[in-house]
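Engineer: take a look and give me a structure for this.
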Amino acid sequence: MRLTCLVDNAVRPHSRYQGEHGLAFLVEAEAGRVLFDTGASGDVLLHNLGVAGVEPAEIDALVLSHGHRDHTGGLPALLARRPGLPVYAHPDLPRERFSRREGEMRSVGIPLPLEALRRQADLRLSAEPQEVLPGVWTTGEIADRPEPEGRSDRHFVRAVGAKPGSPWMADPYRDDMALVLETAQGLVLVCGCCHAGLLNTLFHVRRVFGRDPVAVVGGTHLIAADESHLRRLVEVLERMGPPTLYLNHCTGRAAYVTLALAFGERVAPFPAGAVVEWGEGSADQAD
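Structural biologist: So this is what the prediction gives:
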C-alpha cells in the first residue's frame, strides 16, 4: 500500500509539486488507485497528478472526506477527464456550506450541484462504512462525538429546507469521514480535516474495525485545540501505542509541536510530494 500526498498547504523542498490551501491523497493498492479528496483547484490537482505520473483515467475511485471547497475544488476538472468515476461520500456532502469572513458569508461548499454530480459521476453516498477497493474503506459517519470536535466558529449552514435569508446555524460537519487502509502492518487512518474530532474518529475506527490504527495521516484540525485538549490527546495516543503520525493541512503548529515533543520521531510532516509505503515484512517508510 502506497500513499502520496498530492495536494497540501506545504510542498516538499525542491519538488515539482504545487501547493495550495487544500488536501488530496493518492492511494495505490494492489487492486487499483483511489483518490482521497481533490484539493482546492483543478489546476493544482491535475498538475500534481502529472508529477506523480498518474492520468485521471487511471483513477479507479474517489472518496470525499467532506464538502468544503478546499477538499472538493478539483472535482469539476477531474470529472471532465474521468467521467463516470465512482465517488464515495456521506449523504450530507451536497449541503450548502458557508464561511463568515469580515462579516460577510461566502460559499465554501462543493463546486457542483447534486444533479450535475449525479450526471457526471457514479455517486455512492452512504453514512455507513463502504469498501472502495479491497483493503480501502470509508469510516462512514462518525456520529458518536463525546470528545472535542475539529470546529471553526466561521463555518455555517442553513437549516435543512430553509430558504435564503433564514437564520444561520453552526455547521454540524455530519459529512466528515476518513479513510481506513488495511496494510500488512495494521490499519492506517487517513484524515481529510477531521472536523468530527481526531479522538472521536480514532474511537470510531476501534468500534467499527476492531483495532486501533498503527498510523494516522493527514489533516487533524487541531489548529484551535487548547492545552487540555492536546494533553488529553497525548494521553490517549500514548495508550494506543502510539501510532505514527504524518500530519499536514489543518493540524496547526502548536499541535504539531506538542505531538512531536511527546512522540519524537513518530511524528513527521507530510507535505505535497511526500510518500509513505506499507509492505509485507517492512515497517512504514516515508520519503
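
Engineer: how about the strands in the stretch 1-150 of the chain?
Structural biologist: Along the stretch 1-150 of the chain, the segments classed as strands by DSSP state E, counting those that start in this stretch run 2-7, 24-29, 32-36, 61-63, 86-89, 98-101, 104-107, 122-125, 131-133, 136-138.

Engineer: can you give me the buried ones in the third one?
Structural biologist: Just to be clear, that refers to strand 32-36. Neighbour counts using 16 or more other C-beta atoms under 10 Å place R33, V34, L35, F36 of strand 32-36 among the buried residues. In short, each C-beta sits where N, CA and C put it, glycine included.

Engineer: before we move on, back to that, mind putting the strands of the stretch 1-150 of the chain into CSV with distance to D144 and mean pLDDT?
Structural biologist: Converted to CSV, these look like this (distance: least, C-beta to C-beta, whole Å; pLDDT from 0 to 100):
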stretch, distance to D144, mean pLDDT
strand 2-7, 27, 98
strand 24-29, 25, 98
strand 32-36, 23, 98
strand 61-63, 21, 98
strand 86-89, 20, 98
strand 98-101, 26, 94
strand 104-107, 30, 93
strand 122-125, 21, 98
strand 131-133, 21, 98
strand 136-138, 16, 98
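
Engineer: let's have those in a markdown table, adding distance to R253.
Structural biologist: Formatted as a markdown table, the entries for the strands of the stretch 1-150 of the chain read as follows, by distance: least, C-beta to C-beta, whole Å:
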| stretch | distance to R253 |
| --- | --- |
| strand 2-7 | 18 |
| strand 24-29 | 21 |
| strand 32-36 | 24 |
| strand 61-63 | 28 |
| strand 86-89 | 30 |
| strand 98-101 | 21 |
| strand 104-107 | 26 |
| strand 122-125 | 35 |
| strand 131-133 | 32 |
| strand 136-138 | 29 |
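
Engineer: which strands and helices sit next to the strand or helix carrying R207?
Structural biologist: Taking DSSP states H and E as the criterion, the element that holds R207 is helix 198-209. Using 3 or more C-beta pairs under 8 Å, 6 or more residues apart in numbering; DSSP states H and E as the contact criterion, the elements in contact with helix 198-209 are strand 186-191, helix 227-239.

Engineer: skipping its backbone neighbours, what lies nearest the residue most central in space within the chain in space?
Structural biologist: In the chain, the C-alpha closest to the average C-alpha coordinate belongs to G192, at a distance of 1.4 Å (C-alpha atoms, centre = their mean). Taking C-beta to C-beta, 6 or more residues apart in numbering as the measure, G192 lies nearest to S65, with 2.5 Å between them; neighbours along the chain are not counted.

Engineer: count the residues that sit near the one you found.
Structural biologist: Using other C-beta atoms under 10 Å, the number of residues around S65 comes to 31.

Engineer: lowest-confidence helix or strand of the chain?
Structural biologist: Confidence across the helices and strands of the chain bottoms out at strand 282-286, with a mean of 57, counting by mean pLDDT, DSSP states H and E.

Engineer: circling back to that earlier point, was I right about the residue nearest to G192 contacting T38?
Structural biologist: No - the pair formed by S65 and T38 falls short of the contact definition of C-beta atoms under 8 Å, at 10.2 Å.

Engineer: give me the common contacts of those two.
Structural biologist: Overlap of the contact sets of S65 and T38 (by C-beta atoms under 8 Å, 6 or more residues apart in numbering) consists of H71.

Engineer: so where's the chain uncertain?
Structural biologist: In the predicted model of the chain, residues 161-165, 281-287 satisfy pLDDT under 70.
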